[in-house]
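*Asks:* 3D model of this:
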Amino acid sequence: MTLPPRMRFGIFLAPFHRVGENPTVGLERDLELIQWLDKLGYDEAWVGEHHSAGWETIASPEIFIMAAAERTRHIKLGTGVVSLPYHHPLMVANRIVQLDHLTRGRVLFGVGPGALVTDALMLGINPPDQRPMMDESLDIIMRLLNDPTPLTYDGGWFKLRDATLHLRPYTYPYPPVSVASMESPSGPLAAGRHGAALLSLAATGGLRGPVDLKKMWSIAEDEAAKHGKTMRRDDWRLVAPVYVAETREEALNDIRVGAAQQTWEYGFAALGRKPPEGATPETLVDHMVESGQWIVGTPDDVVAAIEKLDDATDGFGGLLVRVDEWASREKLLKSYELLARYVMPRFQGSLAGIEDSYRRSCDRSAEAGAARTAALERAHQTFEQRAGATV
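*Replies:* Numbers count the residues shown, from 1 in each chain. Model prediction:
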């Protein structure tokens, strides 16, 4: 196994809220979920940015993160992600630095080109231009974070005149930066160029089928070497749909309706993605689980899936559960609790001392039992001798 001694665990919150439900209540559920994860000891919660298509209702991850920061104590909060082509890079850098101060260093800075074509079209952006725009913006943001020297730059779609960050980061030298990656090499290239972390959003399968995760990492490492940077596997996070119950049968039954409905109504109907060949709403869940695209089952099933991802990557640093409202609120919260109780300890070293202590106690139980009996017998004998002497 090539996983780090202590893996990170967290969530990737788009979020997905079914059209027709109260959006205010949906946002409140999202905040309550992060509070629950904070209590359970999860490491991170990443929050998305979307502006269309109905389901993903958070437009500003920064505003949401600030609300979540006020309700939590330990969990780190990431932008998952800021869509850089939609914003002036100086404004993005300023907002992240302010969050860094207000959260006392709990903010994680994730960036990407923007996931929804409908977002880009509303902003008058040609979708094929999004990735080059992201690269240009990220270059400028990293320059602003690293160098206080005034910068003048004309990017065509944005301009800078003697620009600096008058508020420097709280975290030295700046908050951790991550770049989103789906199936193309653009994400790994951008991450490698800046030595940033990689967020693999399609770790268990993308639109074009399984993603070659080793190849994606190799692209990032090669690009990093060209720029004198180093990629760290411990900072590599994989995002996957995960749902856990006491039994595999229960898990499948819990999500059979909700998961199919979300995927069919949003992924296929609204976003125009194609269903797997031959799949129907009734067979979709079984297909996605059997093909390994969704991790659904018991805690042991999740452990096995993580070990499989370890083999597919040669080592990564964190698993982020894609937040899906596939089941009832109570069952979803229970799923995260089962992960915290039975999966996270297996990959964070927190069981080693307990299991070793229990094993040693079992190995010496006969000896310990005999010693306990002898001590008890001696106590009785001592009492009787003293009682006899008194009489």
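
*Asks:* Does the lengthiest strand in the chain pack against any helices or strands, and if so which?
*Replies:* Counting residues, the longest strand in the chain under DSSP state E turns out to be strand 237-244. Under the contact definition 3 or more C-beta pairs under 8 Å, 6 or more residues apart in numbering; DSSP states H and E, strand 237-244 sits against strand 8-13, strand 197-200, helix 248-262, strand 295-297, helix 299-313, strand 318-322, helix 329-338. C-beta here means a position set from N, CA and C on the backbone, and glycine is covered the same way.

*Asks:* got the angle between that strand and helix 299-313?
*Replies:* 160 degrees (axes from the mean of the first three to the mean of the last three C-alpha atoms, to 10 degrees).

*Asks:* Run me through the strand neighbours of strand 237-244, direction for each.
*Replies:* Strand 237-244 has its sheet partners listed here by DSSP bridges as strand 197-200 (parallel), strand 295-297 (parallel), strand 318-322 (parallel).

*Asks:* in the stretch 201-350 of the chain, which ranges drop under the pLDDT threshold?
*Replies:* Applying pLDDT under 70 to the stretch 201-350 of the chain flags the ranges 207-208.

*Asks:* same thing but at 90, please
*Replies:* Across the stretch 201-350 of the chain, the ranges flagged by pLDDT under 90 are 205-210, 277-278.

*Asks:* isn't V321 right up against I11?
*Replies:* Yes - applying C-beta atoms under 8 Å, one finds V321 in contact with I11, separated by 5.0 Å.

*Asks:* The nearest residue to H194 once chain neighbours are set aside: neighbouring residues, count only.
*Replies:* Among residues not flanking H194 along the chain, M142 sits closest, at 5.3 Å (C-beta to C-beta, 6 or more residues apart in numbering). Residues lying near M142 (other C-beta atoms under 10 Å) number 19.

*Asks:* Could you report the separation of M142 from R364?
*Replies:* According to C-beta to C-beta, to the nearest Å, M142 stands 57 Å off from R364.

*Asks:* Equivalent analysis for L309, please.
*Replies:* 38 Å.

*Asks:* And the two? Which one has more around it.
*Replies:* L309 (21 against 11).

*Asks:* Does the more buried one touch G315 like I think?
*Replies:* No - using C-beta under 8 Å, L309 is not in contact with G315; the gap is 9.8 Å.

*Asks:* Helices of the stretch 51-200 of the chain, start to end?
*Replies:* Applying DSSP state H, counting those that start in this stretch to the stretch 51-200 of the chain gives helices spanning 61-71, 89-102, 117-122, 130-146, 186-194.

*Asks:* Give me the angle between the fourth one and helix 186-194.
*Replies:* Taking the same axes, to 10 degrees, one finds helix 130-146 and helix 186-194 inclined to each other by 20 degrees.

*Asks:* Can you give me the buried ones in helix 130-146?
*Replies:* 130-131, 133-145 (16 or more other C-beta atoms under 10 Å).

*Asks:* so for it, what's the average pLDDT?
*Replies:* The average pLDDT within helix 130-146 is 98.

*Asks:* Helix 89-102 and that helix, what's the angle between them?
*Replies:* 50 degrees.

*Asks:* Restrict stretch 168-185 to CA atoms and write it as PDB.
*Replies:* What follows is stretch 168-185, C-alpha atoms only, in PDB (Å, rounded to 0.1, in the frame of the first residue of the first chain):
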ATOM      1  CA  ARG A 168      -1.000  39.700   2.400                       C
ATOM      2  CA  PRO A 169      -2.000  36.100   3.200                       C
ATOM      3  CA  TYR A 170      -2.500  34.900   6.800                       C
ATOM      4  CA  THR A 171      -1.100  31.500   5.800                       C
ATOM      5  CA  TYR A 172       2.600  31.500   4.900                       C
ATOM      6  CA  PRO A 173       3.300  31.800   2.100                       C
ATOM      7  CA  TYR A 174      -0.300  31.500   0.900                       C
ATOM      8  CA  PRO A 175      -3.300  29.200   1.300                       C
ATOM      9  CA  PRO A 176      -2.900  25.700  -0.300                       C
ATOM     10  CA  VAL A 177      -3.800  25.800  -3.900                       C
ATOM     11  CA  SER A 178      -5.500  22.900  -5.800                       C
ATOM     12  CA  VAL A 179      -6.500  22.600  -9.500                       C
ATOM     13  CA  ALA A 180      -9.500  20.600 -10.600                       C
ATOM     14  CA  SER A 181      -9.000  17.800 -13.100                       C
ATOM     15  CA  MET A 182     -11.600  15.800 -15.000                       C
ATOM     16  CA  GLU A 183     -10.500  13.800 -18.000                       C
ATOM     17  CA  SER A 184      -8.300  16.200 -20.000                       C
ATOM     18  CA  PRO A 185      -4.600  17.000 -19.300                       C
END
